[in-house]
Structures are given as structure tokens and as C-alpha cells.
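J.: Structure, please.
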Amino acid sequence: MKPGPLRNFYIALAAIVLLFIVVSPVLTVWTIRRDATRIVSDSLQGLATSSLATMQMSEGFLDTARAASGHGMTGTELAAALEVRSRATDAQYQAHRETVQTDKERAAFDRLTATKDDYRATRKAVVELLIAGKQPEANDLFETQCIPKFQAYAKALGGLIEHNATEARAGGQEIIRLCHVLLIVQGLLLVFFFIYGFFVPLTAVMERLSRNPIVVRK
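T.: Alright, predicted model coming up:
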């Protein structure tokens, strides 16, 4: 092909295509790494902290139920135990809060916080009645108000856990999709360099032969 605008255009187009093919795997790997990091730091961390918080919360509820029925710890002992468990639970929630990234997850976490505070306020009232020696009143308050509020609290926590599980599954599917894209790009890259490495030297040889044909002398 003679030098000219069209030849320069083809050369530039070939250079752009080659650059895209070479850079694409790097960009794809970077995207996979970014999404993997997000899943590890967000969804899986959220699942772990939420599960631990569930354990802490459940233990506090059962202790309160036994104490309110008159078969557990005294009011003072219960107050001390709940304070320890509440600190542990709040530490788990704080670790989760630091991983919140989306508005949907933030809304789920806010619902959890609201139900937690409501439940704890009623639980505190139950403990205060136990400390005051009013066990029947404490048991009545526990059954009529504390249990429904605990159920709302547990439901909100379950919603947050389900949200993180959904995010983890979606993130895993995205990484699988990106891996497939990477395999396709790598395959195209191999095909391109195979064709380039085979046909370019062949074209050069054919062009040279056309300029200097081989003459067979008798």
C-alpha cells in the first residue's frame, strides 16, 4: 500500500486495536481485584459481624427471660451481664457500620439500630423492676412489651444479614462474569498474536518475492 492518509489510518487503527487488546486483561484483572476487595471488606465482614451480634443479642434475651420468670440471675447480676454483652454487640455493630457502602444497606442498618434501641430501653425497664424486687411486674412487662420488641429487633437483624448475603452472592457472580470476560480477552489476544506472528512475516516474504521474483536458470 502506498503512503497516504488511508495507510496512516489503517496503521493508527491497528495500533489502537493492539493497545486495547494488550490493556484489556490488565483492566479486567484490576476490576476483579477491586470487586473481590469490596466483597471481602463489606459483605463477608457484614455477615460475620451480624452473626456474632446475633449470638450476643440472643444470649442477653434468654438471660432476661429467665430472670424475669424468677429462675435466673438477680436484677443486679443481670444488669452487669447485659452491660458486658451490649458492649460486645455494639463493637460488632460498629465494625459493620464501617463497611456500609450502599444506601440500601445503610437503611437496613438504621432500621436495626432503631429496633435495637427500642428493645434495650424496654429491657432496661425490666431490669430496673427486678432490681427493685418487683418480679411479677418485670415478668409482665417482659412478656407484653419486651418480647414483641425483641422479635422486631431480630427481624431487622435478619434483614441486614440477608442483605449482606445477597450482596455476597451478587459480588461472586460479578467476579465469575469478569473471569469469563478475562478468558475471552486472553483468547482473542492469543489468536491475534498468532495471526500477527504468522501472516505478517508471510506477507513480508510474499512482498519481497513479488519485488524480486526467483528466476530459475536452465
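
J.: any idea how far Q135 is from A79?
T.: Taking C-beta to C-beta, to the nearest Å as the measure, A79 falls 15 Å from Q135. Using the backbone N, CA and C atoms, a C-beta is placed for each residue, glycine as well.

J.: Same check on A107?
T.: Separation of A107 from Q135 (C-beta to C-beta): 39 Å.

J.: How about Q151?
T.: For Q151, the distance to Q135 - C-beta to C-beta - is 23 Å.

J.: Pull up the gap between R66 and E77, please.
T.: Applying C-beta to C-beta to R66 and E77 gives a distance of 11 Å.

J.: correction: A125
T.: From A125 across to E77, the span is 17 Å (C-beta to C-beta).

J.: Next up, identify which helix or strand the closest residue to A108 other than its chain neighbours is on.
T.: Closest residue to A108 apart from its sequence neighbours, by C-beta to C-beta, 6 or more residues apart in numbering: L160 at 4.6 Å. Taking DSSP states H and E as the criterion, L160 maps to helix 147-211.

J.: Below-threshold pLDDT in this structure: ranges please.
T.: Low-confidence segments of the chain, defined by pLDDT under 70: 1-15, 17-59, 168-169, 171-172, 179, 183, 186, 190, 193-194, 196-218.

J.: 80 - rerun?
T.: Of all residues in the chain, those with pLDDT under 80 make up the ranges 1-59, 92, 95-96, 98-101, 161-218.

J.: what about K134, neighbour count?
T.: Counted with other C-beta atoms under 10 Å, residues neighbouring K134 total 15.

J.: Check the one 5 residues further on too.
T.: If you count neighbours by other C-beta under 10 Å, N139 ends up with 19.

J.: packing partners for the helix or strand hosting it?
T.: Using DSSP H and E, N139 sits in helix 135-141. Helices and strands touching helix 135-141, by 3 or more C-beta pairs under 8 Å, 6 or more residues apart in numbering; DSSP states H and E, are helix 44-68, helix 103-131.

J.: Remind me what the last one packs against, helices and strands.
T.: Same thing as helix 103-131. Applying 3+ C-beta pairs under 8 Å, 6+ apart, one finds that helix 103-131 contacts helix 44-68, helix 75-97, helix 135-141, helix 147-211.

J.: picking up where we left off before, just confirm the residue nearest to A108 contacts D110, I think it does.
T.: No. With contact defined as C-beta atoms under 8 Å, L160 does not count as touching D110 (10.0 Å).

J.: Looking only at neighbour counts, state which of those two leads.
T.: Set L160 next to D110 and count neighbours by other C-beta under 10 Å: L160 wins out with 26 against 13.

J.: And that one, how far from E174?
T.: Taking C-beta to C-beta as the measure, L160 falls 21 Å from E174.
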